[in-house]
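[1] What follows is a predicted protein model with its sequence.
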Amino acid sequence: DVKVTQSSRYLVKRTGEKVFLECVQDMDHENMFWYRQDPGLGLRLIYFSYDVKMKEKGDIPEGYSVSREKKERFSLILESASTNQTSMYLCASNRGGSTDTQYFGPGTRLTVL
Amino acid sequence: SQQGEEDPQALSIQEGENATMNCSYKTSINNLQWYRQNSGRGLVHLILIRSNEREKHSGRLRVTLDTSKKSSSLLITASRAADTASYFCATDSRMDSSYKLIFGSGTRLLVRP
């Protein structure tokens, strides 16, 4: 079974803090993705990576950065958390073929106070 | 940018009834996928239909695709309380050497026991 894990299910941080969200997949997938999910807006792509040390901006990259030092791990970084970054964050991975399914982690619900 | 838009936004039915959810999209696609999300969890892939297919079945799920109308429907037959979840359609969009999925905002399905 494909497994995508995220470091925390729930996280509470204060405005201005640096926040790290970690995602690990065990299927040797090339592609990894970070989304945020907000009510009424569906999933929006923040960043994705198609190889180690490679990254591409998604639809809403502002205020975020990412790191992919190893193939199995993709980190999302909030350099200075703000209240409008309170959201559900979902990580996903896939092999990158045009018909490939994405496999999602359980999500991290981040609250920024 | 949101490509897929689900309709209705919310649906409440009695156990045993069929549930139909619709998805419309704007641009040409290679494939359309349906995902399910239980409350507060990650997404799980249900079914993928290619642009040259018109109908696909998987257990109690039936998906249709009409590329001339740029629409798809997901039918869940003989619904169960455990089918209560949000359902999302996702269409693929080419991005550099890979592709990204664009998700709609989802249909919340409640199956009453």
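    Now that the structure is in, tell me what you want to look at.

[2] from here on, contacts and neighbour counts on C-alpha atoms
    Will do.

[3] need the contact list for whichever residue of chain A sits closest to chain B.
    Scanning chain A for proximity to chain B using CA to the nearest CA identifies residue A:42 as nearest, at 3.7 Å. Neighbour list for residue A:42: B:103-106 [criterion: CA atoms under 8 Å, 6 or more residues apart in numbering or on different chains].

[4] Residues in a beta bridge with it, which ones?
    Taking DSSP bridges as the rule, residue A:42 bridges to residue A:38.

[5] gap between it and residue A:92?
    Going from residue A:42 to residue A:92 by CA to CA, to the nearest Å gives 15 Å.

[6] confidence score at residue B:35?
    Per-residue pLDDT puts residue B:35 at 96.

[7] Residue A:25 versus the closest residue to it other than its chain neighbours, what's the distance?
    Counting by CA to CA, 6 or more residues apart in numbering or on different chains, residue B:45 is the residue found nearest to residue B:35 once chain neighbours are left out, at 4.5 Å. Note on residue B:45: its distance to residue A:25, by CA to CA, is 16 Å.

[8] More neighbours: those two, which one.
    Taking other CA atoms under 10 Å in any protein chain shown, residue B:45 and residue A:25 do not tie; residue A:25 has more neighbours (23 against 17).

[9] Check which helices and strands whichever helix or strand residue B:64 is part of is in contact with.
    Taking DSSP states H and E as the definition, one finds residue B:64 inside strand B:61-66. When contacts are defined as 3 or more CA pairs under 8 Å, 6 or more residues apart in numbering or on different chains; DSSP states H and E, strand B:61-66 packs onto strand B:43-50, strand B:55-58, strand B:71-76.

[10] Is there proximity between the shortest one and chain A?
    Meaning strand B:55-58. No. Using CA under 8 Å from any CA of the partner chain, strand B:55-58 never reaches chain A; the gap is at least 15.0 Å.

[11] quick one: contacts of that strand?
    B:47, B:49, B:62-65.

[12] Name the nearest residue to residue B:36, ignoring sequence neighbours.
    Residue B:36 sits nearest to residue B:87 (CA to CA, 6+ apart), 4.5 Å away.

[13] pLDDT averaged over the host helix or strand of the one you found - what is it?
    Using DSSP H and E, residue B:87 sits in strand B:85-95. Across strand B:85-95, pLDDT averages out at 86.

[14] What strands line up against that strand, and which way round?
    When DSSP bridges is applied, strand B:85-95 pairs with strand B:31-37 (antiparallel), strand B:98-103 (antiparallel), strand B:107-112 (antiparallel).
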